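# 3D, please:
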Amino acid sequence: MRFLLTLALLGMVAAIAWWQFEARIPSQWHPWKPLSVDDPLTPVTKWKLHRLGDRREDCLATLATAPDGALRMTPLEDHEPVEGCPLENVVRVHGGDVDFNASFVAACPLALAWVMFERQRLQPAAETHFGSRVAHVEHYGSYSCRRVYGREDGRMSEHATAEALDVAAFRLADGQRIALQEHWDEEGERGDFLREIRDGACDLFGNVLGPDYNPAHADHFHFGMRGYRLCR
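As a prediction, the model looks like this:
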């Protein structure tokens, strides 16, 4: 009996110690605490983003932590725009601190990864290199019901589930335009800026593909949610 009481007491002490320890873990490092748009990025961030893939309400609640004006989006009902490529847990992104050449449909975690990337990697890089913020982003779209590279067989592209966005160029508030097709290999601020944001995007997106990956990506970044660290 005394042995059982001792075990129970030790269990209570251990539980209290763990509760006190867990309470001190910063939110950005705690795998079970809700994600927030302005949480500092850690190795846990990407895991949290993946968990929101099938948690619609949790993902929308996290998007709602963006400051006023940082993201304009509309939640969409699950639907199947093209037979064989249904969309679940998606939103339409209209803009925010940056404008786009067109609104686009995105899986909710992709929209969340984008606004975090924009606030924590894209804009700081623009201010460092140019002393100006990005005002406009040109993209080639997100949703496309197709297989990888448009092949007739093989695995379906991330675009088939709106889990990827292809970005081609950035226009600054001062009017300067930086495009991958023209400036990726350039020595100087524009090339340095593009390479820095490619590396910064890898802290959020599961895969980031650009001109160093293959000729098919010579003119754009592919920001995708699948995987954890394909960064080229």
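# if you skip the residues just before and after it, what's nearest to residue 94?
Leaving aside its chain neighbours, residue 94 sits nearest to residue 72 (4.2 Å; criterion: CB to CB, 6 or more residues apart in numbering). C-beta coordinates here come from the backbone N, C-alpha and C atoms, glycine included.
# buried ones in the host helix or strand of the one you found?
Following DSSP states H and E, one finds residue 72 within strand 71-76. Within strand 71-76, the residues that count as buried by 16 or more other CB atoms under 10 Å are 71, 73, 76.
# which strand residues bridge the closest residue to the last one other than its chain neighbours?
Excluding the flanking residues, the one nearest residue 76 by CB to CB, 6+ apart is residue 90, at 5.0 Å. The residues listed as beta-bridge partners of residue 90 by DSSP bridges are residue 76, residue 107.
# quick one, what contacts residue 90?
Listed by CB atoms under 8 Å, 6 or more residues apart in numbering, the contact set of residue 90 reads 76, 78, 105-108, 162.
# and what of residue 107?
If you count contacts by CB under 8 Å, 6+ apart, residue 107 has them with 53, 87, 89-90, 161-163, 225.
# between which two of the residues you listed is the distance greatest?
87 and 225 (13.6 Å; CB to CB).
# which of the two has more neighbours?
In terms of neighbours (other CB atoms under 10 Å), residue 225 is the more surrounded of residue 87 and residue 225; the figures are 25 against 21.
# residue 226 - that's part of a helix, no?
No: remark: residue 226 does not belong to a helix; assigned using DSSP: H, G, I helix; E, B strand; the rest coil, it is coil.
# burial count for it?
Neighbourhood size, residue 226 [other CB under 10 Å]: 15.
# wait, what's in contact with it?
Listed by CB under 8 Å, 6+ apart, the contact partners of residue 226 are 158, 163, 206-207.
# now the residues you listed as CSV including pLDDT, distance to residue 44 and secondary structure?
Conversion of these to CSV gives the following (pLDDT from 0 to 100; distance: CB to CB, whole Å; DSSP: H, G, I helix; E, B strand; the rest coil):
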residue, pLDDT, distance to residue 44, secondary structure
158, 95, 22, helix
163, 97, 20, coil
206, 95, 14, coil
207, 96, 18, strand
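# put the buried members of the residues you listed into a PyMOL selection.
Selection of buried members from the contacts of residue 226 for PyMOL, criterion 16+ other CB under 10 Å:
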select buried, resi 158+163+206+207
